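[1] The sequence and its predicted three-dimensional model are supplied below.
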Amino acid sequence: MPKRRRRAPGHSRVRPGASGNPARRALSGPDNVERRARARLAEHLTRTAASDPLLITATPALFLSLVSATMNAPSESCIDDCAALVHAYAHLGVRAHVRAAALAIVNVRTGAVGSHGALLPEWEDDRVHGHAVVWLPGQGHLFDVTAEQFPLIAAHEIGPVIVVADPAPEHYNAEHAVLERLAVDLDPLSLEYVLAAGEITRILLDHPVVRGQADNYRRRGVNIATAAVHLLARNLPPGAEHDMPLRRAAALVAAARDLPDTHTSDGALRFVLARPNARPQLLDASQLPLPDGTPPALQVCL
């Protein structure tokens, strides 16, 4: 087997057999990266208003960032993480898409610049020359969960990058839409993303090495969604779900609020539903009983 060259930033490798249980704890103690990830997530949960859609949409991304830090996961796994996140958002009732992206970075203090990703990504065996992000058109939210693979971003401990833009119009077509520019200033960096059309992103997603991980992405997605619901249910005051604008996610938080929780033998978080004269039932986010009229989970077509 030929040796692989060291991957440059923006060259992602899909990881066959990657864990489907992102709630599993690492054996090593916390380091600076993990502490920063925990602090970001805690600040998000305590300072973001329940009426702000970002409370729900950023929680899965920040949780995944914490898991990656805890498990010392490789930072260049953008396709894996984006695909899992899209599945997680589907369980929360939020439309999301993986999009190939080109990223330009400027340090406005030093003048240092960086350019990563590509609007026409290419595969080389199990490596892809490009970068991927998650785009939520209905909310105008972009999540770059592996942004710290890029040295200019890692040097300032800014990742994951969250961009809040204008929501896409109702007639948004994921296969053809291109966002010309999506910029954010994160002192001292200025970032500019350009997203490839969905039909170009298919270069990333239709490769056999990605298709072969479909079940793993689904498992990770439901585990991420379950952990996000748990975090919101445990950290928000009672009744906060009534202010949430995303109806399915709000219903999930309300359903989980009074349920105890546990972890399975492989580390996946589950809610415990007591049943008369029967063993308790362990439920993930896709199985929680919800009121009639709750919007259904969305179908995922990567």
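    Done, it's in. Numbers count the residues shown, from 1 in each chain.

[2] use CA for all of it now, contacts and neighbours both
    Noted.

[3] neighbours of Leu120, just the number please.
    For Leu120, the tally of surrounding residues (other Cα atoms under 10 Å) stands at 17.

[4] residues in contact with it?
    The contact partners of Leu120, by Cα atoms under 8 Å, 6 or more residues apart in numbering, come to Ala100, Gly130, Ala196, Ile200, Ile203.

[5] Repeat that for Arg257.
    His230, Ala233, Arg234.

[6] likewise Arg109?
    With contacts taken as Cα under 8 Å, 6+ apart, Arg109 has the following neighbours: Pro188.

[7] where does the protein have its least confident helix or strand?
    Using mean pLDDT, DSSP states H and E, strand 11-13 stands out as the lowest-scoring helix or strand of the chain, at a mean of 49.

[8] one step back: can you name the two of the contacts of Leu120 that sit furthest apart?
    Across the contacts of Leu120, no pair lies farther apart than Gly130 and Ile200, at 11.7 Å, counting by Cα to Cα.

[9] Mutual contacts of those two, please.
    Each of Ala100, Leu119, Leu120 lies in contact with both Gly130 and Ile200 under the rule Cα under 8 Å, 6+ apart.

[10] Can I get those residues in CSV including pLDDT and secondary structure?
    Below are the shared contacts of Gly130 and Ile200 laid out as CSV (pLDDT from 0 to 100; DSSP: H, G, I helix; E, B strand; the rest coil):
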residue, pLDDT, secondary structure
Ala100, 95, strand
Leu119, 91, coil
Leu120, 93, coil
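
[11] Can you lay out the residues you listed as TSV showing distance to Asp166?
    Converted to TSV, the shared contacts of Gly130 and Ile200 look like this (distance: Cα to Cα, whole Å):
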residue	distance to Asp166
Ala100	19
Leu119	21
Leu120	25
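
[12] what's the burial count for Thr146?
    So Thr146, with other Cα under 10 Å, has 28 neighbours.

[13] if I read this right, it contacts Asp80, doesn't it?
    No: counting by Cα atoms under 8 Å, Thr146 sits too far from Asp80 to count as a contact (10.3 Å).

[14] Give the helix, strand or coil label for the closest residue to Leu195 other than its chain neighbours.
    Leaving aside its chain neighbours, Leu195 sits nearest to Ala101 (4.5 Å; criterion: Cα to Cα, 6 or more residues apart in numbering). Of the three states, Ala101 takes strand under DSSP: H, G, I helix; E, B strand; the rest coil.

[15] same deal with Pro280?
    strand.

[16] my guess is it meets Phe271, correct?
    No: Pro280 is beyond contact range of Phe271, at 9.7 Å (criterion: Cα under 8 Å).

[17] neighbour count winner among the two?
    Phe271 (25 against 12).

[18] my read is the more buried one is in a helix, agree?
    No: under three-state DSSP, Phe271 falls outside any helix and is assigned strand.

[19] Tell me who's in contact with it.
    Ala256, Leu259, Pro260, Asp261, Thr262, Leu282, Leu283, Asp284.

[20] Tell me what it is bridged to.
    Under the criterion DSSP bridges, Phe271 forms beta bridges with Asp261, Leu283.

[21] pretty sure the residue nearest to Leu195 contacts His131?
    Yes: using Cα under 8 Å, Ala101 is in contact with His131, at 5.6 Å.

[22] what touches both of these two?
    With Cα under 8 Å, 6+ apart, Ala101 and His131 have common neighbours Gly117, Ala118.

[23] Would you map the strands across the chain?
    Using DSSP state E, the strands found in the chain span residues 11-13, 97-107, 113-117, 122-124, 127-129, 132-136, 141-144, 161-164, 182-186, 189-195, 261-263, 269-275, 278-283.
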